[in-house]
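Asks: need a structure here:
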Amino acid sequence: MSLISARNKAVVAATSWKENANSNGAISQERVDAYFGCDVFSQRVMRQRLPKDVYKRLIQTLEHGEPLDPQVADVVAAAMKDWAIENGATHYTHWFQPLTGLTAEKHDSLVVPDGQGGMLYALSGSDLCQGEPDASSFPSGGLRATFEARGYTAWDATSPAFLMRGERNVTLVIPTAFVSWTGAALDQKTPLLRSMDALSKQALRVLRIFGADRGVHRVYTTVGAEQEYFLVDRNLYYARPDLVTCDRTLFGARPPKGQQLEDHYFGSIPPRVMSFMAEVEKELYRVGIPVKTRHNEVAPGQYEIAPVFEEANVACDHQMVIMETLKRVAPRYGLQAILHEKPFAGLNGSGKHNNWSMCTNTGVNLLDPQDETHTNMQFLVFLCAVIRAVDLHADLLRASIASANNDHRLGANEAPPAIISIFLGDMLTDIIEQLETGTPKRTLKGGAIDLGARSLPQLPRHSGDRNRTSPFAFTGNKFEFRAVGASATSAWPNTVMNTIVAESLDDVATELERAAGSKPSEAKLMAAVRTMLRKVIKQHKRVVFNGDGYSPEWHREAEKRGLPHLRDSVESLPVLKNRKSIELFTRYKVLTKQEVESRFHISIEKYCKQILIESEAMVLLGRQLILPAVHEHQQRLAAAVAATQSANVDCAPQRAALRQFVDLVNRFASTLDDLADADDSQPEGDTVEHARYLRGQVIPRMERLRALGDELELRVAAGLWPLPSYREMLFIK
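Replies: I've put the predicted structure just below:
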């Protein structure tokens with residue numbers, strides 16, 4: 001099937017598609033499991049299936065971090081196996097997150113020989129706790145040589161196992177960490193769990209100072225990551241080789257109607273998309289992922305799904321499942337889900353807004369300001385610790401979200417700028433200003449909004465507005481790190497956030513312990529707290545900015561304040577290997593020096609490979625699809641001019657148009673050859689120099705070629721242009 005016929009088929013399929021509606025009506029609490037199904041080995045399921053003493057000992061591991069008894073593991077494995085096979089499972093897999101940024105799985109059968117010529121189902125405690133996938137072909141950044149193949153997966157008991165259902169198969173999925181034979185972390189989960197331990201340890205010290213640690217044995221970081229994505233008709237998607245290869249369009253003229261009218265945001269969800277969303281949600285509910293929000297996003301064809309907050313490691317696991325589920329379900333509805341940060345030039349890109357907070361095991365949110373915030377010194381200590389952390393390590397936060405994909409998005413008019421700053425809002429800003437000069441006396445109140453109609457209620461007004469241009473914004477009882485990319489794992493940015501805040505809490509706790517003593521009076525403690533907060537605010541208030549982060553004035557102001565402005569991945573990724581970053585990670589035992597350096601090498605190498613794939617794909621598209629189409633159009637123009645001249649009719653305008661078009665085609669062909677030559681002249685050796693070459697020589701040529709290609713698209717007959725247009729991809733739903 002040709003690309004053009006694929007496009008025509010997509011138009012017919014989309015316009016004739018009939019809604020496959022799901023069941024309607026309210027569902028009582030008692031029917032939730034029966035309606036959605038339950039494919040997660042949750043604490044409720046474990047409580048039903050495990051002996052009481054085994055369940056209690058397992059909970060000690062889950063909630064207190066105590067080592068798992070091998071005998072307990074055997075009992076849990078048997079119960080998990082029985083539950084899985086009752087639900088149709090035939091295999092199990094240790095599911096992990098290698099440094100590719102994706103997930104990985106090796107399936108093993110639950111069926112084993114019984115030694116007597118028959119078969120039986122079995123899953124031992126050792127099978128549950130440890131697996132051994134081949135580690136040689138995963139990125140290691142120099143931690144392991146290619147010939148050193150042994151790797152281990154280790155069960156993360158805190159992240160529930162679940163069932164993955166295919167058309168004719170069911171697999172038991174066991175979330176795990178992934179390490180090498182030497183114990184080095186080869187995944188995203190291991191450092192995340194270490195960082196959570198580091199933050200918990202330091203947060204407990206602060207709580208003990210305030211006498212607020214009664215019954216508290218752990219502080220968790222919580223995460224709720226909003227996921228943005230695009231949907232494109234699947235036939236149109238496969239008619240775009242650039243989308244198939246790169247997940248973004250390398251050519252594509254902007255349509256007359258894009259997002260100018262701002263009519264897509266929160267608009268009516270198309271029926272086909274709504275049914276897709278409903279099925280995605282049902283599958284996610286089945287595996288215990290608490291999704292809550294769905295809506296149209298700003299750009300046409302763009303949507304969002306958001307879960308409820310969970311503990312960070314579980315939330316990051318669930319975020320990977322959400323992305324995989326979006327990709328897996330979309331084809332059932334003739335759609336393709338695109339998670340790239342900027343699949344369509346000139347339109348809003350996609351992020352993964354990472355809502356982050358700290359919570360005790362007793363359920364207290366440590367970033368909840370409460371009503372009279374100016375008197376809540378414990379909250380202000382945790383708040384100022386975060387401010388200090390972001391100011392000291394803004395460059396590392398920026399590096400944690402750096403990628404070739406995200407470079408297209410950061411700093412544009414829909415994403416936070418590459419300058420990391422904190423938005424606090426009017427109320428908190430007023431309180432820290434009071435703290436800087438003395439003792440805070442007041443908390444600003446939002447009041448109420450009178451809507452002016454008797455039938456409408458008065459709405460309580462929050463004490464501060466929100467700021468969509470801030471990369472790190474306080475939003476009521478959490479911080480929203482808005483700069484995380486849509487296709488990225490959320491585990492790495494959260495690992496960085498946990499670690500830098502752990503360092504700040506360590507510094508704060510040490511200073512308060514020294515100033516107030518082991519058993520201070522309340523007056524002495526409050527005096528020490530105010531002194532410490534005043535110092536932190538004076539030293540780190542430069543990172544607080546409540547204005548328009550897109551404005552040129554802020555860029556100039558940020559430079560005056562000395563805030564780092566790392567514009568792209570080539571500038572920001574080397575931060576990972578500087579002395580300050582390495583000392584931070586090693587001090588809190590989150591990553592070793594070698595593990596930190598490996599992350600840098602993997603990230604910069606991935607950047608280079610991705611740019612090179614895109615540039616080579618662009619050359620192929622230009623030569624194999626665009627040039628033949630424009631030459632055909634040129635031939636038709638020339639034939640029309642010749643026919644007009646032979647009829648003795650004045651055709652000066654047509655000749656001028658032909659000359660202009662030929663000139664445009666020649667410039668396109670010349671720029672295409674120039675890009676191909678740049679691809680063939682890649683420097684060898686140092687990866688950083690390679691990345692700089694790509695940024696300085698290849699990317700500008702790609703941009704020039706795209707501009708010429710997009711101009712050609714606007715001039716070539718629609719029937720000849722070989723690629724589906726933005727108008728078709730964005731609006732055919």
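Asks: what's the helix or strand for the closest residue to residue 543 other than its chain neighbours?
Replies: In space, and not counting its chain neighbours, residue 543 is closest to residue 391: 3.9 Å by CB to CB, 6 or more residues apart in numbering. Yep, even glycine has a C-beta here, placed from its N, CA and C like the rest. Taking DSSP states H and E as the criterion, the element that holds residue 391 is helix 377-392.
Asks: May I see the buried residues of that helix?
Replies: By neighbour count on 16 or more other CB atoms under 10 Å, the buried set for helix 377-392 is 377-392.
Asks: Please, where are all the strands along the stretch 351-500 of the chain?
Replies: Here the stretch 351-500 of the chain has its strands, by DSSP state E, counting those that start in this stretch, at 352-360, 422-423, 448-449, 459-460, 472-474, 479-481.
Asks: what would these look like in CSV with mean pLDDT, distance to residue 313 and mean neighbour count?
Replies: Shown next, in CSV, are these (pLDDT from 0 to 100; distance: least, CB to CB, whole Å; neighbours: other CB atoms under 10 Å):
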stretch, mean pLDDT, distance to residue 313, mean neighbour count
strand 352-360, 96, 13, 24
strand 422-423, 95, 25, 26
strand 448-449, 73, 39, 12
strand 459-460, 70, 34, 12
strand 472-474, 94, 21, 25
strand 479-481, 95, 17, 26
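Asks: Could you dump those strands into JSON lines and include distance to residue 264?
Replies: Converted to JSON lines, the strands of the stretch 351-500 of the chain look like this (distance: least, CB to CB, whole Å):
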{"stretch": "strand 352-360", "distance to residue 264": "18"}
{"stretch": "strand 422-423", "distance to residue 264": "26"}
{"stretch": "strand 448-449", "distance to residue 264": "27"}
{"stretch": "strand 459-460", "distance to residue 264": "26"}
{"stretch": "strand 472-474", "distance to residue 264": "23"}
{"stretch": "strand 479-481", "distance to residue 264": "22"}
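Asks: Nearest to residue 697 among these would be which one?
Replies: Nearest to residue 697 among those is strand 352-360; the distance by CB to CB comes to 30.9 Å.
Asks: Which other helices and strands does that closest one contact?
Replies: When contacts are defined as 3 or more CB pairs under 8 Å, 6 or more residues apart in numbering; DSSP states H and E, strand 352-360 packs onto helix 189-209, strand 219-233, strand 479-481, helix 491-516.
Asks: Quick check: next helix or strand after the last one?
Replies: To tie it back to what came earlier, the one meant is helix 491-516. helix 522-540.
Asks: if we can go back for a sec, report pLDDT for the residue nearest to residue 543.
Replies: At residue 391, the predicted lDDT confidence score is 98.
Asks: In the stretch 151-300 of the chain, what residue spans correspond to strands?
Replies: Along the stretch 151-300 of the chain, the segments classed as strands by DSSP E, counting those that start in this stretch run 151-155, 162-165, 170-180, 219-233, 291-296.
Asks: Among the ones you listed, single out whichever gets nearest to residue 126.
Replies: Closest to residue 126 of the strands of the stretch 151-300 of the chain is strand 151-155 (CB to CB; 10.2 Å).
Asks: ok, residues contacting the closest one?
Replies: The list of residues contacting strand 151-155 from outside it, by CB atoms under 8 Å, 6 or more residues apart in numbering, reads 73, 94, 96, 128-135, 138, 174-181, 186.
Asks: Tell me what angle it forms with helix 189-209.
Replies: Relative orientation of strand 151-155 and helix 189-209, computed by axes from the mean of the first three to the mean of the last three CA atoms, to 10 degrees: 40 degrees.
Asks: Now strand 151-155: buried residues?
Replies: 151, 152, 153, 154, 155.
Asks: Quick one: end-to-end distance for stretch 237-249.
Replies: Using CA to CA, to the nearest Å, the gap from the first to the last residue of stretch 237-249 comes to 10 Å.
Asks: ugh, wrong one, stretch 346-358
Replies: Taking CA to CA as the measure, stretch 346-358 stretches 37 Å from start to finish.
Asks: Quick one: distance of that stretch to the chain centre.
Replies: 7 Å (CA atoms, centre = their mean, to the nearest Å).
Asks: Reduced to three states, what does the residue lying farthest from the centre of the chain come out as?
Replies: The centre of the chain is farthest from one residue, residue 648, which by CA atoms, centre = their mean lies 64.0 Å away. Using DSSP: H, G, I helix; E, B strand; the rest coil, the structure places residue 648 in coil.
Asks: Got phi/psi on it?
Replies: phi 60, psi 40 (degrees, to the nearest 10).
Asks: what's the answer for residue 372, then?
Replies: On the backbone of residue 372 - angles per degrees, to the nearest 10 - the values are phi -100, psi 80.
Asks: Surely it touches residue 445?
Replies: No: look at residue 372 against residue 445 with CB atoms under 8 Å: they stay out of range, at 10.0 Å.
Asks: For the residue nearest to residue 651 when sequence neighbours are not counted, what is the enclosing helix or strand?
Replies: Nearest residue to residue 651 in three dimensions, chain neighbours excluded: residue 644, at 4.0 Å (CB to CB, 6+ apart). Here residue 644 sits within helix 627-646, counting by DSSP H and E.
Asks: for that helix, which positions count as buried?
Replies: Residues of helix 627-646 classed as buried under the neighbour-count rule (16+ other CB under 10 Å) are 627, 629, 630, 633, 634, 637, 641.
Asks: got the contact list for the third one?
Replies: In this structure, residue 630 makes contact with 665, 668, 712, 716, judged by CB under 8 Å, 6+ apart.
Asks: Residue 507 touches residue 389, doesn't it?
Replies: No: Residue 507 is not in contact with residue 389 according to CB under 8 Å; the separation is 9.3 Å.
Asks: follow-up on the earlier one: roughly how far is the helix holding residue 644 from the heart of the chain?
Replies: For helix 627-646, the separation from the chain centroid amounts to 48 Å (computed by CA atoms, centre = their mean).
Asks: taking the mean pLDDT, what do you get for it?
Replies: On average, helix 627-646 scores 95.
Asks: now do stretch 325-333
Replies: Here stretch 325-333 scores 97 as its mean pLDDT.
Asks: chain center to it, what's the gap?
Replies: That offset, for stretch 325-333, works out to 19 Å (CA atoms, centre = their mean).
Asks: same deal with stretch 306-316?
Replies: 12 Å.
Asks: in that stretch, what counts as buried?
Replies: If you call a residue buried by 16+ other CB under 10 Å, then stretch 306-316 has these buried ones: 306, 307, 309, 310, 311, 312, 313, 314, 315, 316.
Asks: I'd like the residues you listed written out as CSV, with distance to residue 417, secondary structure and pLDDT added.
Replies: Formatted as CSV, the buried residues of stretch 306-316 follow (distance: CB to CB, whole Å; DSSP: H, G, I helix; E, B strand; the rest coil; pLDDT from 0 to 100):
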residue, distance to residue 417, secondary structure, pLDDT
306, 23, strand, 95
307, 27, strand, 94
309, 26, coil, 93
310, 29, strand, 94
311, 30, strand, 95
312, 25, helix, 96
313, 29, helix, 95
314, 31, helix, 96
315, 26, helix, 96
316, 25, helix, 97
